[in-house]
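Colleague: Give me the fold of what follows.
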Amino acid sequence: MKILSPQQNLSKRQTDILILLYRFRFLNRLHIQNLLNHKYRSRILSWLNELTNQNYTKQYYDKTIASSPSVYSLDSKGRKYLKSLKEGNIKQALLDRVWREAKYSSKFREHCLSLADIYISLLAITEKNKSTLHFYTKTDLHGTEHFISPAPDAHFAIEEKKGQIIRYFLEILDDIPPAAHRRRVAQYFKYYASGDWQDNTDKPFPEIIFICPNTRTKGHLFYYIRKKLSGEPEMSFYLTTKELVDSKGLNGETLQKVLEEE
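Modeller: Okay, the predicted model is just below:
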């Protein structure tokens, strides 16, 4: 096996893997292979094994699910390597969370993996439509001025061939009490009313997508948002469920727009 010294430069592909893990926090082998656009599973596994054996990445494997791919996050040497990296727009303050990654729940890991699934789905859609995807994770957004706080799971924009750009805030909701979801919706209304985005950018206010854990949550938020839209009718909200997105992707077929209550 190839031994990597702490001072040794990694290959371009291995560096790309570390940057992806920095941005998404947890990814499985299939995500990494897809995002690197690489044909060979064996080569991806070789890179990941080298990184994991030398503590650049940490591997998580559920032995109870035989077909489940391993999940990876950054480890101590990955943190050290990225701290010295001049590319990738690495924010030094975020690298210390590496020490806590292994302590996060499986639910949190699934949340991160869901975001990667959505990103890959959007890449496929925009490639098919010959449009351009601009995608920023919570990590990418850290420290951005005049942005809603806490930041959404992602902020992305789709740029059509004719130059039209539509921007979105994306929230993946966990299965928690409805009051917490209502508070998050209320934060968006407060953020819009503050004019912080409108006064400090020359871009239209993004449309807001909530991916709900189940149809019950989706129905609850639909009626809650619809009532609140009477005060801010120019805001746009879309709802869907994780099950729908997992089966059909994030697209016009799976998104339901919330219309103002008549």
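Colleague: Which segments of the protein make up each domain?
Modeller: What automatic domain parsing lists as the domains of the chain is 12-103, 110-257.
Colleague: end to end, how far does the first one reach?
Modeller: With C-alpha to C-alpha, to the nearest Å as the measure, the first residue of domain 12-103 is 29 Å from its last.
Colleague: ranges for the strands of the stretch 1-150 of the chain?
Modeller: Under the criterion DSSP state E, counting those that start in this stretch, the stretch 1-150 of the chain contains strands at 27-28, 57-60, 71-74, 132-137.
Colleague: re earlier: the domains of the chain: lowest mean pLDDT?
Modeller: Lowest mean pLDDT within these: domain 12-103, a mean of 91.
Colleague: To K12, which of the strands of the stretch 1-150 of the chain lies closest?
Modeller: strand 57-60 (16.1 Å; C-beta to C-beta). No exception for glycine: its C-beta is placed from N, CA and C like everyone else's.
Colleague: residues contacting the closest residue to N251 other than its chain neighbours?
Modeller: Leaving aside its sequence neighbours, N251 sits nearest to I125 (C-beta to C-beta, 6 or more residues apart in numbering; 6.0 Å). With contacts defined as C-beta atoms under 8 Å, 6 or more residues apart in numbering, I125 is in contact with G249, L250, N251.
Colleague: Quick one: residues in contact with the helix or strand containing Y192.
Modeller: Y192 belongs to helix 178-194 when elements are defined using DSSP states H and E. Residues outside helix 178-194 that contact it (C-beta under 8 Å, 6+ apart): 148, 169, 171, 173, 197, 205, 208, 210, 217, 220-221, 224-225, 228, 231-232, 235, 237.
Colleague: Return the subset of those residues lying in helices.
Modeller: Under the assignment DSSP state H, those contribute W197, T217, H220, L221, Y224, I225, K228 to helices.
Colleague: The fourth one is in contact with N214, isn't it?
Modeller: No - with contact defined as C-beta atoms under 8 Å, L221 and N214 do not form a contacting pair (11.1 Å).
Colleague: Just say which of the strands of the stretch 1-150 of the chain is most tucked in.
Modeller: Highest mean neighbour count of the strands of the stretch 1-150 of the chain: strand 71-74, a mean of 24 (counted as mean count of other C-beta atoms under 10 Å).
Colleague: Pairing partners for that strand, with directions?
Modeller: Pairing partners of strand 71-74, with direction, according to DSSP bridges: strand 27-28 (antiparallel), strand 57-60 (antiparallel).
Colleague: who's in contact with Y81?
Modeller: P6, L10, T15, L18, Y56.
Colleague: Tell me the spacing between it and L74.
Modeller: Using C-beta to C-beta, to the nearest Å, one gets 9 Å for the distance from Y81 to L74.
Colleague: any common contacting residues for these two?
Modeller: Between them, Y81 and L74 have L18, Y56 as joint contacts when contacts are counted by C-beta under 8 Å, 6+ apart.
Colleague: If we ignore the residues flanking it in sequence, what's nearest N28?
Modeller: Leaving aside its chain neighbours, N28 sits nearest to P69 (4.3 Å; criterion: C-beta to C-beta, 6+ apart).
Colleague: and that neighbour, how many neighbours does it have?
Modeller: 18 (other C-beta atoms under 10 Å).
Colleague: Backbone torsions only: list them for it.
Modeller: With angles defined as degrees, to the nearest 10, P69 sits at phi -70, psi 150.
Colleague: just checking, it touches R29?
Modeller: Yes - assessed by C-beta under 8 Å, P69 is found in contact with R29 at 4.4 Å.
Colleague: joint contacts of these two?
Modeller: Looking at what touches both P69 and R29 (by C-beta under 8 Å, 6+ apart), there is no common residue.
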